[in-house]
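Q: I would like to see how this sequence folds:
(3 chains)
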Amino acid sequence: MSKTYKYKKIIIRRRYRILAAILIILSGGLVLLPKYQKNVGIKPETFLLNLMSPERYISTDFLANSLISKDPSILLIDVRSAKEYSDFSLPNATNIPLSAILKPDNETYLDQDGYKVIFYSNDNFYADQAWLIAKRFGYNNIFVLKGGLNAWFNTILNPEMPKTSDSELEFQKYNTRKAAAMFFGIGAVNTLNSNAATPNIAPKKIILTKTKKKTTGGGC
Amino acid sequence: MENKVKNKHVYWNPYFGGFMLGLLLIFTFYITGRGLGASGAFKSTVVTFVDDVAPTHASKNAYYEQFIINGKSPLNTWLVFETLGVLIGGFLSGALGGRLKLYIQHAPNITSKKRLFVALLGGLFFGFGAQLARGCTSGAALSGMAVLSTGGFVTMLAIFGSAYAFAYFFRKNWI
Amino acid sequence: MGPLIPNGIIPPEWDFVIALLIGIIFGYVLEASGFSSSRKLAGVFYGYDFVVLKVFFTAAVVAVIGIYYLDYLGFIDISKLYIHPTYLWAAIVGGIVMGLGFILGGFCPGTSLCAVAIGKIDAMAYGVGILIGVFIFSEFFSFIQPLFDGSNYGAITLVDTLGISPYWFIFLFSLVAIIAFVISDLVRKKVKKIFY
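A: You can find the predicted model right below:
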């Protein structure tokens, strides 16, 4: 063997050794690199934009209307504690306390496209917080009941009698609300006890099927 | 002639070829979110053919009707376009490498007719198996391994394991 | 942020154009590496040419490392990638049948397309065979359906099955690949030389 041929052979073997070493370094690097928690969800700018727009608020009138017309796409979520939920709640509402909102079982209620999810609480404070957390993940179709249950009492179940100097519209609204109150089982009397579970709407749990993860198609 | 005697590598270095293939896989996953594939195009061809010739039979068969969508031809899939690309690319490479030749490649110990027959039989088994395992070596094994899918690894081990097991019985075909 | 088409960054109408381009590059690489020759492909089973092993393993290792690095850097979202579902017994039986087909024909569908493109008649016979095989499968589908649809474990990855972190697996996988390459070169020196 001539000297150049032997030299070339050594070079060739070294070349493969270098490549193999690069491969080991790359895959070793993958093992050794520190793993950090990646940011999941929408960008902060988008988040701020959604935060500042009042589109997420649903008025009590709208909600009453939807419940009376039996809109099937509404999903009410009560974010108060379980005890407050059992004391009184809106018909067909599911109870997810604010502390449990990140549990994976509850994700099916939030991460879906079919239902309009409406958070509510006593005022809209906790509901807003729940909305913020859910929005952070980038979920759509989530809303907040403006004013919460307090507004519900004050406008629907116990509507304020408009003054005689108010417009015709106010009177119409008042009558609609009175009718809604009767639908929800409150009599013409302006009193209500806290256990006003509406008798004509049986509270049933909405069973959601686990939404399948939207994966890309593929295969051979 | 000298090339054949020395077995000179007129092909790429296999590590380089593998590297390019790996880059292509990364690229494919990055852009389309799915891997490569090959046997799906054959399936689409068969479905289209049967649908054209005997539509009622096709719609009654549980396997065909998964792929027959009213209005769109079953050939309108990603894999068929990719397969067309493979044909073009292979032709291009063969042309540039001077390897275009219409012949039957076979080992010296068997005849060309036998080689054709054995190839047909091999294709038959492979087509059957590829439908059963939902993939072939490029689709299931290669792309499956690239995302560490269990099914991909199982399929690949099964293919190569059984080929090694059967290799002894067919050695006259190759050596 | 990848994958681009599922995330809407590239409009889905480009999907088929990109498929064509990817196919062209795929075909070119396969043919240039020598996969259009059935005797070269079958060499891995008889020890005289290990091109299948080298290309396959290298491609798998490079792809896996690349994808996981992209995932680490935040360029790709692994949960959106298509993961081949695991139908255990269908994969095993299908794989065995495919192995038989491989050793008989010496091609796999992708490489047979390359071979057809350069004019090999036995590859055309192989292609016709695949079509007949698919036809037979669909005709007898009702008998095979329980095997076909059964034992579906879903789109699981090795991380779920073996329970080890994916990065360690990739590291071990690259080690195994390098060892396999060295062994294949050793074997090739010992085996009788074949000219094709």
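Q: Do you have the helices of the chain handy? List them.
A: In the absence of a named chain, this looks at chain A. A:3-32, A:44-52, A:60-68, A:82-87, A:107-110, A:125-136, A:148-152, A:168-183 (DSSP state H).
Q: hm, I was asking about chain C
A: C:15-32, C:38-46, C:51-73, C:88-105, C:109-117, C:121-139, C:141-149, C:158-162, C:166-190.
Q: Tabulate the ones you listed in JSON lines, adding columns for mean pLDDT, distance to residue B:111 and mean neighbour count.
A: Just so you know, the C-beta spots here come from the backbone N, C-alpha and C atoms, and that holds for glycine as well. Below are the helices of chain C laid out as JSON lines (pLDDT from 0 to 100; distance: least, Cβ to Cβ, whole Å; neighbours: other Cβ atoms under 10 Å in any protein chain shown):
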{"stretch": "helix C:15-32", "mean pLDDT": "92", "distance to residue B:111": "26", "mean neighbour count": "23"}
{"stretch": "helix C:38-46", "mean pLDDT": "86", "distance to residue B:111": "15", "mean neighbour count": "23"}
{"stretch": "helix C:51-73", "mean pLDDT": "91", "distance to residue B:111": "26", "mean neighbour count": "22"}
{"stretch": "helix C:88-105", "mean pLDDT": "91", "distance to residue B:111": "16", "mean neighbour count": "26"}
{"stretch": "helix C:109-117", "mean pLDDT": "90", "distance to residue B:111": "19", "mean neighbour count": "28"}
{"stretch": "helix C:121-139", "mean pLDDT": "91", "distance to residue B:111": "12", "mean neighbour count": "23"}
{"stretch": "helix C:141-149", "mean pLDDT": "84", "distance to residue B:111": "34", "mean neighbour count": "13"}
{"stretch": "helix C:158-162", "mean pLDDT": "82", "distance to residue B:111": "45", "mean neighbour count": "15"}
{"stretch": "helix C:166-190", "mean pLDDT": "89", "distance to residue B:111": "28", "mean neighbour count": "16"}
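Q: Make CSV out of those and add distance to chain A.
A: Below are the helices of chain C laid out as CSV (distance: least, Cβ to the nearest Cβ, whole Å):
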stretch, distance to chain A
helix C:15-32, 10
helix C:38-46, 18
helix C:51-73, 6
helix C:88-105, 11
helix C:109-117, 8
helix C:121-139, 12
helix C:141-149, 14
helix C:158-162, 14
helix C:166-190, 4
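Q: need those in JSON lines with distance to residue B:11, can you?
A: Output for the helices of chain C, formatted as JSON lines (distance: least, Cβ to Cβ, whole Å):
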{"stretch": "helix C:15-32", "distance to residue B:11": "6"}
{"stretch": "helix C:38-46", "distance to residue B:11": "8"}
{"stretch": "helix C:51-73", "distance to residue B:11": "8"}
{"stretch": "helix C:88-105", "distance to residue B:11": "20"}
{"stretch": "helix C:109-117", "distance to residue B:11": "12"}
{"stretch": "helix C:121-139", "distance to residue B:11": "17"}
{"stretch": "helix C:141-149", "distance to residue B:11": "38"}
{"stretch": "helix C:158-162", "distance to residue B:11": "32"}
{"stretch": "helix C:166-190", "distance to residue B:11": "15"}
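Q: now for the ones you listed, which one comes closest to residue A:77?
A: Closest to residue A:77 of these, according to Cβ to Cβ: helix C:158-162, at 31.3 Å.
Q: how far away is residue A:114 from chain B?
A: 24 Å (Cβ to the nearest Cβ, to the nearest Å).
Q: and that residue, how many neighbours?
A: Here the number of neighbours of residue A:114 (other Cβ atoms under 10 Å in any protein chain shown) works out to 11.
Q: dump the residue contacts of it.
A: residue A:73 (Cβ atoms under 8 Å, 6 or more residues apart in numbering or on different chains).
Q: confidence score at it?
A: The per-residue pLDDT reported for residue A:114 equals 73.
Q: go on, residue C:6?
A: Reported pLDDT for residue C:6: 78.
Q: That one and residue B:29 touch, don't they?
A: No - if you go by Cβ atoms under 8 Å, residue C:6 and residue B:29 don't touch, sitting 10.7 Å apart.
Q: more neighbours, these two?
A: residue B:29 (28 against 21).
Q: Am I right that that one is in contact with residue B:146?
A: Yes - if you go by Cβ under 8 Å, residue B:29 and residue B:146 touch, sitting 6.7 Å apart.
Q: hey, what's in contact with both of the two?
A: Contact criterion Cβ under 8 Å, 6+ apart; residues shared by residue B:29 and residue B:146: B:35, C:63, C:67.
Q: nearest residue to residue A:161 other than its sequence neighbours?
A: residue A:174 (6.6 Å; Cβ to Cβ, 6 or more residues apart in numbering or on different chains).
Q: on that earlier part again, distance to residue B:20 added to the shared contacts of residue B:29 and residue B:146, as TSV?
A: Shown next, in TSV, are the shared contacts of residue B:29 and residue B:146 (distance: Cβ to Cβ, whole Å):
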residue	distance to residue B:20
B:35	16
C:63	11
C:67	16
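Q: now, which of these sits nearest residue A:145?
A: residue C:67 (44.2 Å).
Q: For the residue most central in space within chain B, grab phi and psi.
A: Centroid-nearest residue in chain B, with Cα atoms, centre = their mean: residue B:38, separated by 4.9 Å. Dihedral pair for residue B:38: phi -140, psi -40, per degrees, to the nearest 10.
Q: Stretch C:112-132 and chain B, any residue contact?
A: Yes - using Cβ under 8 Å from any Cβ of the partner chain, stretch C:112-132 reaches chain B at C:112-123, C:125-132.
Q: cool, and stretch C:97-106?
A: Yes - Stretch C:97-106 lies within reach of chain B by Cβ under 8 Å from any Cβ, at C:97, C:98, C:99, C:100, C:101, C:102, C:103, C:104, C:105, C:106.
Q: Please compute how far that stretch lies from its chain's middle.
A: In terms of Cα atoms, centre = their mean, to the nearest Å, the centre of stretch C:97-106 is set 14 Å apart from its chain centre.
Q: Tell me where the model's unsure across the chain.
A: Going with chain A. A:1-12, A:37-41, A:111-112, A:185-220 (pLDDT under 70).
Q: I was after chain B.
A: B:1-9.
Q: what does it have sitting close to chain A?
A: B:15, B:32-35, B:37-40, B:78-79, B:130, B:134-136, B:138-140, B:143.
Q: residue closest to the middle of chain A?
A: residue A:110 (4.0 Å).
Q: In contact with it: list those residues for me.
A: Contacts of residue A:110 (Cβ under 8 Å, 6+ apart): A:101, A:117, A:134, A:137, A:139, A:142.
Q: Distance-wise, check it relative to chain B.
A: 24 Å.
Q: Quick one: neighbours of residue B:34, just the number.
A: Neighbour tally, residue B:34, other Cβ under 10 Å: 28.
Q: nope, residue B:168 is what I meant
A: By other Cβ under 10 Å, 10 other residues sit near residue B:168.
Q: Am I right that it is in a helix?
A: Yes - assessed by DSSP: H, G, I helix; E, B strand; the rest coil, residue B:168 belongs to a helix.
Q: who are the neighbours in contact with it?
A: Going by Cβ under 8 Å, 6+ apart, the list of residues near residue B:168 is empty.
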